[in-house]
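> quick one: sequence plus predicted model below, questions after.
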Amino acid sequence: MQDEIHPQTPDSSDQPRNGLDRTIFKVGNLLSLLFLFTVAISFYEVLMRYVFNAPTIWVHETASFLGGCLFVYGGIYALATNKHVRVVLIYDIVSDTTRRWLNVFHHIMGLIFSGLLSWAAYQMVQDSWFTPFGDVRLETSGSAWDPAFPALVKGMIFMTLCIMFVQFSLHLIQELNGLRKRDNV
């Protein structure tokens, strides 16, 4: 019965709480393999530059792009696995009921935060993906290779912030349902 009231038992606190979180967790584990790819292409760049004196024009920007996208994804991954930053000095010494109310406060603040940042990211995407006349033209890096990575990273930021808003909404609903069930028991 305790797991129904408090789905986040000490043993399961890092487990995804719902279908969205489980999907984020699985996709994140797959995407983490891109770190290996980033290391491999960085090694390739070092080899080409310092051994063969033939540097590439694409490795640095590609590695930065992948690292940036993975870093942004890390935010929703941390929220999905309950690994986000909190003041554990206070959180760990309060009762379960107080902890639940702290979670409700956290989710409400997270909703506000992710909602406002989503709006700002939308403005950023609009400026980097469209001309003033509405034609699609992705912002590029301006380098010799000139990929559209800046626009794509901004799109990734917007997408993950929207997902984070949904996550906070789902977590808030789950937390409020847990409080209601606890009061009814």
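Thanks, I have the structure now. Numbers count the residues shown, from 1 in each chain.

> mind listing what's buried along the longest helix along the chain?
The single longest helix within the chain, with elements called by DSSP state H, is helix 149-184. Using 16 or more other CB atoms under 10 Å as the test for burial, helix 149-184 gives 149-165, 167-172, 174-175, 178-179. To be clear about C-beta, it is placed using only N, CA and C from the backbone, and glycine gets the same treatment.

> ranking helices and strands of the protein by mean pLDDT, which lands last?
In the chain, no helix or strand scores lower on mean pLDDT, DSSP states H and E than helix 2-5, which sits at a mean of 40.

> moving C-terminal of it, what's the next helix or strand?
Later in the chain than helix 2-5, the nearest helix or strand by DSSP states H and E is helix 19-31.

> next, the angle from that following helix to helix 149-184.
Using axes from the mean of the first three to the mean of the last three CA atoms, to 10 degrees, the direction of helix 19-31 lies 140 degrees away from that of helix 149-184.

> so what touches helix 19-31?
16, 70, 73-74, 76-77, 79-81, 163, 166-167, 170 (CB atoms under 8 Å, 6 or more residues apart in numbering).

> if we use 10 Å, what do you get?
The contact list for helix 19-31, computed with CB atoms under 10 Å, 6 or more residues apart in numbering, reads 14-16, 18, 66, 69-70, 73-74, 76-82, 160, 163-164, 166-167, 169-171.

> identify each buried residue in that helix, please.
Leu20, Asp21, Ile24, Phe25, Gly28, Leu31.

> likewise stretch 98-107?
Arg99, Arg100, Leu102, Asn103, Val104, His106, His107.

> the first one contacts Val87, correct?
In this case it means Arg99. No: taking CB atoms under 10 Å as the definition, Arg99 is not a contact partner of Val87, at 11.9 Å.

> check contacts around Met164.
The contact partners of Met164, by CB under 10 Å, 6+ apart, come to 24, 75-76, 78-80, 110-111, 113-115, 117-118.

> the inter-axis angle of the helix or strand hosting Ser128 versus helix 149-184?
Take DSSP H and E as the rule and Ser128 turns out to sit in helix 96-129. Computed by the same axes, to 10 degrees, the angle separating helix 96-129 from helix 149-184 equals 160 degrees.

> same for helix 96-129, what does it pack against?
helix 2-5, helix 59-80, helix 88-91, helix 149-184 (3 or more CB pairs under 10 Å, 6 or more residues apart in numbering; DSSP states H and E).
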